[in-house]
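1. based on what follows, work out the 3D shape:
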Amino acid sequence: MNLVLETNNINKYFKKPVLFHVLKDINFKVSKGEFVSIMGKSGCGKSTLLYILSTMDNDYTGKLFLNNQLVTGNSRQELSAIRNKHIGFVFQFHYLLSEFSVLENVMLPAKKLGRKTFKEIEFDALQKLKMLHIDHLAKKRASRISGGEKQRVAIARALINNPSIIMGDEPTGNLDSHNSENVFNVFKELSVEQGLSLLVVTHDDDFASRSDRIIRMEDGKIIV
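-> Here you go, the predicted model:
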């Protein structure tokens, strides 16, 4: 089995205002091309877990592996490089730079990674927009496109460095049913056709039920 992500006994404590055990012995694996949803009531630890898995939070105990490499214990600089190269992140809010064009927004993570020329990055960004059927918006300012289009641009941006896994924190939370369906279809296509792994925190039962597997959380633990 080709593993992209694995956790070993991850525990997380919040220390203020009082000590609180927020994640308890989290163990699971995500294989290449697998589309996994994480569900649970608000406050159960889903988003906290996602921030640890995405290496944005390194204050935890246990071990996190990405592509069979241990990433726990790496420096902030190393984690930033790992995150930029291997993990694409799609938030509930798209966080596009409104004064930049759609194309410029998609190019940003690749420019930060600095592995390709400007022309190569521009070409890659256009390919990602084309794949998501929004290449006609390339030159438009991000502030001038619809909410559903913005979320597609955010997905294109998450894909620009050809990551091993896409992580989503309520990526359809701000969208109507039509645009939620579009985002789901994009994710499914990425999983099936590109062999990309997806790990998505969602409250949307319909979205989760059509993913490959649901991880259910309660009170900081995985219950299913």
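
2. list the contacts of the residue lying closest to Leu159 once chain neighbours are set aside.
-> Nearest non-adjacent residue to Leu159, counting by Cβ to Cβ, 6 or more residues apart in numbering: Lys128, 5.0 Å away. Glycine gets a C-beta too; all of them are placed from N, C-alpha and C. With contact set as Cβ atoms under 8 Å, 6 or more residues apart in numbering, Lys128 has these partners: 106, 156, 159-160.

3. of those residues, which is the nearest to Met217?
-> Met217 lies nearest to Leu159 out of the contacts of Lys128, by Cβ to Cβ, at 26.7 Å.

4. for this protein, which spans come out with low pLDDT?
-> Within the chain, the segments meeting pLDDT under 70 span 1, 94.

5. how close does Ser101 get to Arg144?
-> Going from Ser101 to Arg144 by Cβ to Cβ, to the nearest Å gives 9 Å.

6. wait, is Leu190 part of a helix?
-> Yes: checked against DSSP: H, G, I helix; E, B strand; the rest coil, Leu190 lies within a helix.

7. right, and it touches Leu198 too?
-> Yes: contact criterion Cβ atoms under 8 Å: Leu190 and Leu198 qualify, at 6.7 Å.

8. any shared contact partners between the two?
-> Ile166.

9. rewinding a little: give me the more crowded residue out of Ser101 and Arg144.
-> Taking neighbours as other Cβ atoms under 10 Å, Ser101 and Arg144 compare with Ser101 leading, 18 against 11.

10. which ones are touching that one?
-> Per Cβ under 8 Å, 6+ apart, neighbours of Ser101: 138-142.

11. next one: Leu137
-> By Cβ under 8 Å, 6+ apart, Leu137 lies in contact with 102, 129, 145, 149, 153.

12. what distance do you get for it to His178?
-> Counting by Cβ to Cβ, the gap from Leu137 to His178 is 17 Å.

13. can you check Gly114 too?
-> Counting by Cβ to Cβ, the gap from Gly114 to His178 is 38 Å.
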